[in-house]
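Student: only geometry, no sequence info:
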């Protein structure tokens, strides 16, 4: 027979483990709901289900700002992200970061309205004058 | 010249470190109660060498000796003097030398202040600390030697990244490093205590002040970094859950947990193993953070020139530190019996630890998860603020309640003053109601955050008042820190919920209407400074409701060496609000891209962090 003390201890261990599993599950599921995938234009074009997934979850698209593509009016900035193979037209209302300029690396966060047209709600550029996304470094090396 | 001098100093530090290890091993078996004078002298010598070494590098930067690779890559003759000096640790090599300097310094102080403790414990701690110093010196010497030569010496340097050319560079890294590196002392003490079987209470007494000391500096260091990011990076935020920020937060959680559990250890001798684990973990997490940041495995705003071999070295140090400490812990720890806890003060203090570990695990997972997915699924992802917000915020509410109740509990037999608690709770509800009326809509979770933080603030405030009345000033440190934390959460909540942000593209001379504000772009001015030119915008922000005008003058700076643009936000702080404006030019257009933010209670937010750390500072003067 188990004494009362042992029973109590077992019970508290069970409660503890249950609680722990719950916490880990909670962390991991929130993690899954809140991650942002990073894609290059070519990956977007070659993938089938990206637009479907993107309906519920934001996405990051990274590449270079195409030369001569920045177009500004008083409430919008439009530009083209390229990885030298495929291009995506980005439309954005808001503030661009310091180092946003043509032929520099850029990351746009937001949703696709169709495969070629991206509505960004955030633009990121790295705080390094020589920064290009690592993915593009590889592409450049391969060329 | 400087190179030879610097390199020989590194060798001398190496030799003194090795001899400290040798003599420490030797004197373990020797008789006598005191540590031999020889070891003191060697430590003093070691400190002298390392300080001279750091000064040598600083001199190299001041006189712009471009025969040194590090100086060439990170400095420039035109740079103002303060940035030449501070620039010494604005790069990987120099910052590592600063790291080692502090490590040696802590070693010396530990030796000086530890005279009253058991000899065996001191010697083993010393050996452990010097092995750590040794591994970092080897790391410095072989992968990141700041005294490497270029031949022939270039005439001009490449310059320091303009983002770093800020007075904060002189403050933020040293503060943070004192926190980071200081944690090596209780790592070593834990090793020493394990091997020498030091009694629990004695161990608690020996490391307590070190923990509080490093916590204080770590808090200030993170604070300084936050303020810097706020005014320099131009996003208007002060915390981005960037990998580097997380890397500084992980040891901070550990230190905070340690600061609390040590009280239980000192008072009751319980939780010894747990405290030892925390001691070991703090420094291991520090190294892990260093690895994440410097290996280039994660990208962040802190761009050190990345180099895979460096990453590998740090990884080896990390693995060794983990394995050795794990092995020593398993071999020497005497299993504590788990005692049943009553609802006493110890339980509340321990609950702090549960929360700290939960936050730690959350932040750790969020930080390293992208590495996992990249290795396993080959997908590139990033984890942003929404993850941290959803996971952490609900737990902060419970945490705040426990934090308010904890200090009311006693070591033996707790009886809560229910009436007082209820009154304060009702008061918190009323204050929350006032906020809702002033600011209009808020979500349920924000309301809960406000109520619980008010609860904590009032409770801690009453505590402070009571202790002052009782003339027990030395005891107020906890209440002050808790008060600071409550205020911090309250102001973060207010700031997060009620910040306003407007983005516009605007030409000179134009006026734009942004809700109840009128933004007028009056003109542009060009000026010259020592090592940059700047374009200064002249804006007028008019509040039509309250009828006042704020003049804001954001800058675009054009640096020549290296050729870079930086954007300086213009910030006007009033008692209740910060008005924050950044301007950037857009290529091929006459529009300027402008972001206007109104951020409530920013100054209060900063102040509450200072109050929180003040608590730690006061604790250092607490004598039993």
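Tutor: Arrived safely, thanks for sending. Worth saying up front: this structure is predicted, and the values here are computed from it rather than measured. Residues are numbered from 1 along each chain as shown, chains lettered A, B, ... in the order given.
Student: Residue B:147 and residue B:97, how far apart?
Tutor: Shown here: residue B:147 relative to residue B:97, a distance of 9 Å by Cβ to Cβ, to the nearest Å. Any C-beta I mention is one placed from the backbone N, CA and C, and that applies to glycine too.
Student: what about residue A:18, how many neighbours?
Tutor: Neighbour count for residue A:18, taken as other Cβ atoms under 10 Å in any protein chain shown: 10.
Student: Under the pLDDT cut-off, which ranges of chain A? List them.
Tutor: For chain A, the stretches flagged by pLDDT under 70 are A:1-2, A:48, A:50, A:52-55, A:98-99, A:125-143.
Student: longest strand of it?
Tutor: Taking DSSP state E as the criterion, chain A has its longest strand at strand A:105-114.
Student: which neighbours do residue B:147 and residue B:97 share?
Tutor: Common neighbours of residue B:147 and residue B:97, counting by Cβ atoms under 8 Å, 6 or more residues apart in numbering or on different chains, are residue B:57.
Student: if we can go back for a sec, identify each buried residue in the longest strand of chain A, please.
Tutor: A:105, A:106, A:107, A:108, A:109, A:110, A:112 (16 or more other Cβ atoms under 10 Å in any protein chain shown).
Student: before we move on, what about stretch B:109-124?
Tutor: So stretch B:109-124, judged by 16+ other Cβ under 10 Å, has buried residues B:109, B:110, B:111, B:114, B:117, B:118, B:119, B:120, B:121, B:122, B:123, B:124.
Student: Now go through those residues and say which are in helices.
Tutor: Mapping the buried residues of stretch B:109-124 onto helices (DSSP state H) picks out B:109, B:110, B:111, B:119, B:120, B:121, B:122, B:123, B:124.
Student: could those residues go into a markdown table alongside pLDDT and distance to chain A?
Tutor: Shown next, in a markdown table, are these (pLDDT from 0 to 100; distance: Cβ to the nearest Cβ, whole Å):
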| residue | pLDDT | distance to chain A |
| --- | --- | --- |
| B:109 | 95 | 36 |
| B:110 | 94 | 36 |
| B:111 | 93 | 41 |
| B:119 | 89 | 40 |
| B:120 | 90 | 36 |
| B:121 | 93 | 33 |
| B:122 | 93 | 38 |
| B:123 | 93 | 39 |
| B:124 | 94 | 34 |
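Student: element containing the residue nearest to residue B:593 when sequence neighbours are not counted, please.
Tutor: In this structure, residue B:593 finds its nearest non-sequential neighbour in residue B:584, 4.9 Å apart by Cβ to Cβ, 6 or more residues apart in numbering or on different chains. Assigning secondary structure by DSSP states H and E places residue B:584 in strand B:577-585.
Student: what residues are up against the residue nearest to residue B:593?
Tutor: Contact analysis of residue B:584 by Cβ under 8 Å, 6+ apart lists A:95, A:96, A:97, A:98, A:100, B:556, B:567, B:592, B:593.
Student: what does residue B:405 give?
Tutor: Contact analysis of residue B:405 by Cβ under 8 Å, 6+ apart lists B:348, B:416, B:421.
Student: switch the cut-off to 7 Å
Tutor: When contacts are counted by Cβ atoms under 7 Å, 6 or more residues apart in numbering or on different chains, residue B:405 touches B:348, B:416.
Student: Also residue B:510?
Tutor: Contacts here follow Cβ under 7 Å, 6+ apart; on that basis residue B:510 touches residue B:521.
Student: thinking again about what came up before, how about the longest strand of chain A and chain B, touching?
Tutor: No - where contact is defined by Cβ under 7 Å from any Cβ of the partner chain, no part of strand A:105-114 touches chain B; the two come within 8.6 Å at best.
Student: Toward the C-terminus from that strand, list the very next helix or strand.
Tutor: Using DSSP H and E, the helix or strand that follows strand A:105-114 in sequence is strand A:117-124.
Student: So which other helices or strands are in contact with that next one?
Tutor: If you count contacts as 3 or more Cβ pairs under 7 Å, 6 or more residues apart in numbering or on different chains; DSSP states H and E, strand A:117-124 packs onto strand A:87-92, strand A:105-114.
Student: Who does that strand pair with, and is each partner parallel or antiparallel?
Tutor: Note on strand A:117-124: by DSSP bridges, its sheet partners are strand A:87-92 (parallel), strand A:105-114 (antiparallel).
Student: Turn these into JSON lines, columns for distance to residue B:388.
Tutor: Output for the strands paired with strand A:117-124, formatted as JSON lines (distance: least, Cβ to Cβ, whole Å):
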{"stretch": "strand A:87-92", "distance to residue B:388": "25"}
{"stretch": "strand A:105-114", "distance to residue B:388": "17"}
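Student: Identify the residues contacting residue 93.
Tutor: Going with chain A. Applying Cβ under 7 Å, 6+ apart, the residues near residue A:93 are A:75, A:76, B:503.
Student: that's the other chain; I wanted chain B
Tutor: When contacts are counted by Cβ under 7 Å, 6+ apart, residue B:93 touches B:70, B:144, B:145, B:146.
Student: Now do the phi/psi pair for residue B:499.
Tutor: Note on residue B:499: its backbone torsions stand at phi -70, psi 140 [degrees, to the nearest 10].
Student: Check residue B:559 too.
Tutor: Note on residue B:559: backbone dihedrals following degrees, to the nearest 10 are phi -90, psi 140.
Student: ok, what's across the strand from the closest residue to chain A within the stretch 401-550 of chain B?
Tutor: Nearest to chain A in the stretch 401-550 of chain B, going by Cβ to the nearest Cβ, is residue B:503, at a distance of 4.2 Å. For residue B:503, the beta-bridge partners under DSSP bridges are residue B:595.
Student: Wait, it touches residue A:95, no?
Tutor: Yes - Residue B:503 is in contact with residue A:95 according to Cβ atoms under 7 Å; the separation is 4.9 Å.
Student: which one of the two has more residues nearby?
Tutor: Taking neighbours as other Cβ under 10 Å, residue B:503 and residue A:95 compare with residue A:95 leading, 25 against 17.
Student: what's the closest non-adjacent residue to the more buried one?
Tutor: Spatially, and ignoring its direct neighbours in sequence, residue A:95 is nearest to residue B:595 (3.9 Å; Cβ to Cβ, 6+ apart).
Student: Spit out the contact partners of that neighbour.
Tutor: Counting by Cβ under 7 Å, 6+ apart, residue B:595 makes contact with A:95, B:501, B:503, B:582.
Student: same deal with residue B:212?
Tutor: When contacts are counted by Cβ under 7 Å, 6+ apart, residue B:212 touches B:259, B:616, B:619, B:620.
Student: Can I get these in a markdown table including secondary structure, pLDDT and neighbour count?
Tutor: Conversion of the contacts of residue B:212 to a markdown table gives the following (DSSP: H, G, I helix; E, B strand; the rest coil; pLDDT from 0 to 100; neighbours: other Cβ atoms under 10 Å in any protein chain shown):
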| residue | secondary structure | pLDDT | neighbour count |
| --- | --- | --- | --- |
| B:259 | helix | 93 | 23 |
| B:616 | helix | 92 | 26 |
| B:619 | helix | 88 | 23 |
| B:620 | coil | 88 | 12 |
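Student: What are the buried residues along stretch B:154-166?
Tutor: In terms of neighbour count (16+ other Cβ under 10 Å), stretch B:154-166 has its buried residues at B:157, B:159, B:160, B:161, B:162, B:163, B:164, B:165, B:166.
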